[in-house]
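In: Give me the fold of what follows.
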Amino acid sequence: MTDTAVRSDEASSSHPAHPLDPATAAEYLAGRDIMAAAGLLAEPVRFAYYGLEEPPKDDVLAGNAESADRRLRAFLVNTGTGESTDAVVSLTHHDVISARTLDPGTDGQMPILDSDFVAVDEIVKADPDWRAAMARRGYEDLSQIRACPITAGAFGVADDDRRRMVRVFAFLQAREHDLAWAHPIDGIVAYVDLIERKVFKITDEFELPVPAESGDYDDEAIRGPDRTTLKPIEITQPEGASFTLDGHALRWQDWSMRIGFDAREGLTLHQITLHDRNADRDADRDGGHDADRDGGHDTDRDGGHDADRDSGRERPVIYRASIPEMVVPYGDPRFRYWQAYFDTGEYLVGKWVNSLELGCDCLGEITYLDATVTDDSGQPRTIPNAICIHEEDFGILWKHTDIFNGSAQSRRQRRLVVSYFTTVGNYDYGFYWYFYLDGTIECEVKLTGVLFTSAHPGGDHPYSTEVAPGLAAPVHQHLFSARLDMTVDGPANAVEEVDVSGLPIGPENPYGNAMVQTVTRLTRESQAGRRADGSRGRTWRVVSTERQNRFGHPTAYTLYPESAPALLADPASPLAARAGFAANHLWVTKYDPAQRYSAGDFVNQHPGGAGIPAFIAADQDIDGTDLVVWHTFGPTHFPRLEDWPVMPVARCGFVLKPTGFFDRNPTLDVPPPPPPSHPS
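Out: This is a model prediction of the structure:
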């Protein structure tokens, strides 16, 4: 194996080098002490979320954030009374800035605690009615049963919705290494009150045989012997990687950015900037715009530009990029009608981040960053190798053999990869951000893991696929929400919807071959809830309203969506009320620092209407202002037999491409690859 791992020297520093760097272990402990001194952590209060409250965007862009207040935000749950508190503390001033008590009926509940998973197992197995239901099905040994708690949603049932609760499925794991997901004990669900620590309701609707076929893909008897026909692939960079990482400041080719990590959102990217090598040459033609209009980026604050970069200009593209929410709704309308997960807002995807391994998760010249999150007590824990940074060859960048001048040129594309993987229950998600030599940005989510299963009722069941004898995998969606705080050549931006079409035969198009673009400016928030349309090749263009290219057109970046359904639940459904962000593929809002999460701050058991639907209620002007683009993407998954017992990676995502951002192909200076070396 030729893989090598490099660690950032400052990744574990107790003091952040930049105001957008993630909170450190020392800071979490200091914030905990402040809350304890203020009486907020009396037993049995637990932390459902704990993370950095980022400084104001204007302060960061103006260079004032270094002296700004360093703050942390905590979601606190008293597990004895159910009282929930949203607290913000100042590390700079050593005091509590705010502490708001939530009303569960209107605000919803806090995210699931780590300790809830342990508690639920104990609670259901102690309940006599649940034990009797298991015994009736032939299961007396409860040590073989795995209780699987699922967030409850909100369905207008007062006795349920005001409780902090989960609904609990059961699976059989008769052997230590058996795959429990292969053996659902279907037809029964326990409703558990997490505060009263009791089962308060059991739904026991039907009994179906527990599927017997093993799904243990680690067992050679199931998977067969390892194939021996794969030859080794070695990825080497003899001179090392082409990027530099200084703490959390990352530079590669013309790209620069800052790497963040949050227990709720996972990987976050900040101040994504492109260096324009041709800026000085084009300055006069561009009207003499200077760097001060490019979002306030200067050399000291951006990590020390070297001499090669001083000949051009730093041009901001995105201030902050993240995936702040996702929802996984299931489509079986009967027994499991309530099954839907908001894996970010309810479970906190960042808390379940994997430690990545060379040769398995990452190949090549790898640099890792650790991630620091906290447990239920607010105590920090560090996940080593949580974020992977490396380069990849990506085939042809550009190529041409000219029939007139005889030139034959070819260049290789390369991309920078920043990624992490997380496991939430049965599914594993890899979040990958790619940065290309030509200014393209791509976000890709890799979905793998194990299907959530049920017993198959037999016959042609329209809402699930039989993936093993008697074993069903229900249809479901994975809908991710990207939050893109755009700063294309500065904070003054606008969004245009671009459709393509042919024109009918007429006086200006006598042979019917004309193709045109129809451009619609989205000027208000109420107008900017839009659906993708593959039949029109629909894209959305984020344009600068202050800077133009050499032809007088706005510099821009274009969002290319995938053509896939948005939320398929009925608009009048309880799920649609909570997952309003997923009703459209695009939303555009005027920037507001309080609007960070697509489904609102408190997603668990929220009655609905929070997040983007609430953000756009004011219907603000978004033409030529500081704006945020929200993009919904993801697959609708009708499971295949090939997805069982462990699912090959499925991919989804989106692409952002420069559109008139540069005045020509920005990769003309990429050198040709060296001639191959041959053994003597």
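In: From the contact counts, what lies against the longest strand belonging to the chain?
Out: Counting by DSSP state E, the longest strand found in the chain is strand 380-401. Packed against strand 380-401 by the contact rule (3 or more C-beta pairs under 8 Å, 6 or more residues apart in numbering; DSSP states H and E) you find helix 25-37, strand 243-246, strand 255-262, strand 365-374, strand 408-424. Any C-beta I mention is one placed from the backbone N, CA and C, and that applies to glycine too.
In: Would you mind listing the buried residues in that strand?
Out: For strand 380-401, a neighbour-count test (16 or more other C-beta atoms under 10 Å) marks 380, 383, 385, 386, 387, 388, 389, 390, 391, 397 as buried.
In: Among those residues, find me the one that's closest to residue 251.
Out: Of all the buried residues of strand 380-401, residue 389 has the smallest distance to residue 251: 11.1 Å, by C-beta to C-beta.
In: pLDDT wise, what is the closest one at?
Out: With respect to pLDDT, residue 389 scores 97.
In: Next: the one 4 residues further on.
Out: What the model reports as pLDDT for residue 393 is 95.
In: so who does it touch?
Out: The contact partners of residue 393, by C-beta atoms under 8 Å, 6 or more residues apart in numbering, come to 412, 413, 414.
In: which among those gets closest to residue 77?
Out: Nearest to residue 77 out of those is residue 414 (C-beta to C-beta; 46.5 Å).
In: The closest one: how many residues sit nearby?
Out: 19 (other C-beta atoms under 10 Å).
In: I'd say it and residue 391 touch.
Out: Yes - Residue 414 lies in contact with residue 391 (C-beta atoms under 8 Å); the separation is 5.9 Å.
In: which residues do these two both contact?
Out: Taking C-beta under 8 Å, 6+ apart as the contact rule, residue 414 and residue 391 both touch residue 242.
In: Which secondary structure element of this structure has the lowest mean pLDDT?
Out: One helix or strand of the chain scores below all others by mean pLDDT, DSSP states H and E: helix 279-286, with a mean of 51.
In: The helix or strand following that helix pairs with which strands, parallel or anti?
Out: Counting by DSSP states H and E, the element after helix 279-286 in chain order, helix or strand, is strand 313-329. Strands adjacent to strand 313-329 in the sheet, as given by DSSP bridges, are strand 266-276 (antiparallel), strand 340-341 (antiparallel), strand 479-486 (antiparallel).
In: chain center to the last one, what's the gap?
Out: If I follow you right, that is strand 479-486. From the chain centre to the centre of strand 479-486 is a distance of 8 Å (C-alpha atoms, centre = their mean, to the nearest Å).
In: What of the shortest one?
Out: For strand 340-341, the separation from the chain centroid amounts to 16 Å (computed by C-alpha atoms, centre = their mean).
In: List the neighbours of it that are in contact with it.
Out: Residues from elsewhere that reach strand 340-341 (C-beta under 8 Å, 6+ apart): 150, 151, 153, 327, 328, 329, 330, 347, 424, 425, 575, 579.
In: Skip the chain neighbours and tell me the closest residue to the last one.
Out: Right, the one you point to is residue 579. The spatial neighbour of residue 579 that comes closest, neighbours along the chain excluded (C-beta to C-beta, 6 or more residues apart in numbering), is residue 327 at 4.6 Å.
In: so who does the one you found touch?
Out: Applying C-beta under 8 Å, 6+ apart, we find residue 327 in contact with 340, 341, 342, 343, 477, 479, 567, 575, 579, 582, 599.
In: if you set the cut-off to 7 Å instead, what comes out?
Out: Neighbour list for residue 327: 340, 342, 479, 579, 582 [criterion: C-beta atoms under 7 Å, 6 or more residues apart in numbering].
In: Kindly report the same for residue 139.
Out: Going by C-beta under 7 Å, 6+ apart, residue 139 touches residue 145.
In: What segments of the protein are helices?
Out: Assigned by DSSP state H, the helices in the chain fall at 25-37, 57-61, 104-107, 114-126, 128-136, 158-161, 220-223, 279-286, 574-578, 612-615.
In: can you list contacts of the fourth one?
Out: Contacts made with helix 114-126 from outside it, assessed by C-beta under 7 Å, 6+ apart, are listed as 46, 130, 142, 147, 149, 166, 168, 190, 192, 194, 197-199, 375-376.
In: Narrow those residues to those in strands?
Out: Short answer: these in strands (DSSP E) are 46, 147, 149, 166, 168, 190, 192, 198, 199.
In: wait, isn't the last one in contact with residue 190?
Out: Yes - when contacts are counted by C-beta atoms under 7 Å, residue 199 is listed as touching residue 190 (4.9 Å).
In: Among those two, which residue is more densely surrounded?
Out: Legend: neighbour count by other C-beta under 10 Å for residue 199 and residue 190, higher for residue 190 (25 against 20).
In: Report how many residues lie close to the closest residue in space to the more buried one that isn't next to it in sequence.
Out: Excluding its sequence neighbours, the residue lying closest to residue 190 (C-beta to C-beta, 6+ apart) is residue 168, at 4.3 Å. Look at residue 168: counted by other C-beta under 10 Å, it has 23 neighbours.
In: Could you report the separation of residue 168 from residue 146?
Out: Taking C-beta to C-beta, to the nearest Å as the measure, residue 168 falls 10 Å from residue 146.
In: Equivalent analysis for residue 400, please.
Out: According to C-beta to C-beta, residue 400 and residue 146 sit 59 Å apart.
In: what's the answer for residue 503, then?
Out: Applying C-beta to C-beta to residue 503 and residue 146 gives a distance of 61 Å.
In: Tell me how far the residue sitting furthest away from the middle of the chain lies from residue 501.
Out: No residue in the chain sits farther from the centre than residue 507, which is 50.0 Å out by C-alpha atoms, centre = their mean. From residue 507 across to residue 501, the span is 18 Å (C-beta to C-beta).
In: Likewise for residue 430?
Out: Remark: distance between residue 430 and residue 501 (C-beta to C-beta) = 37 Å.
In: So for these two, which residue has more residues nearby?
Out: For residue 430 versus residue 501, neighbours defined as other C-beta under 10 Å are more numerous around residue 430 (19 against 13).
In: Name whatever forms a beta bridge with the more buried one.
Out: Beta-bridge partners of residue 430, counted by DSSP bridges, are residue 421, residue 446.
In: Is it in contact with residue 446, as I believe?
Out: Yes - with contact defined as C-beta under 7 Å, residue 430 counts as touching residue 446 (3.7 Å).
In: With residue 390 as the reference, measure out to the residue nearest to the spatial centre of the chain.
Out: Taking C-alpha atoms, centre = their mean, the centroid of the chain lies closest to residue 323, which sits 3.1 Å from it. Between residue 323 and residue 390 the distance is 20 Å, computed by C-beta to C-beta.
In: of the contacts of strand 340-341, buried ones?
Out: Among those, those classed as buried by 16+ other C-beta under 10 Å are 150, 151, 153, 327, 328, 329, 330, 347, 424, 425, 575, 579.
In: Return the closest of those residues with respect to residue 516.
Out: Lowest distance from residue 516 to those (C-beta to C-beta) belongs to residue 579, with 35.8 Å.
In: contacting residues around the closest one?
Out: 327, 567, 599.
In: From residue 668, how far off is residue 400?
Out: Distance from residue 400 to residue 668, by C-beta to C-beta: 12 Å.
In: Then residue 416?
Out: 20 Å.
In: what do you get for residue 75?
Out: In this view, residue 75 and residue 668 are 51 Å apart by C-beta to C-beta.
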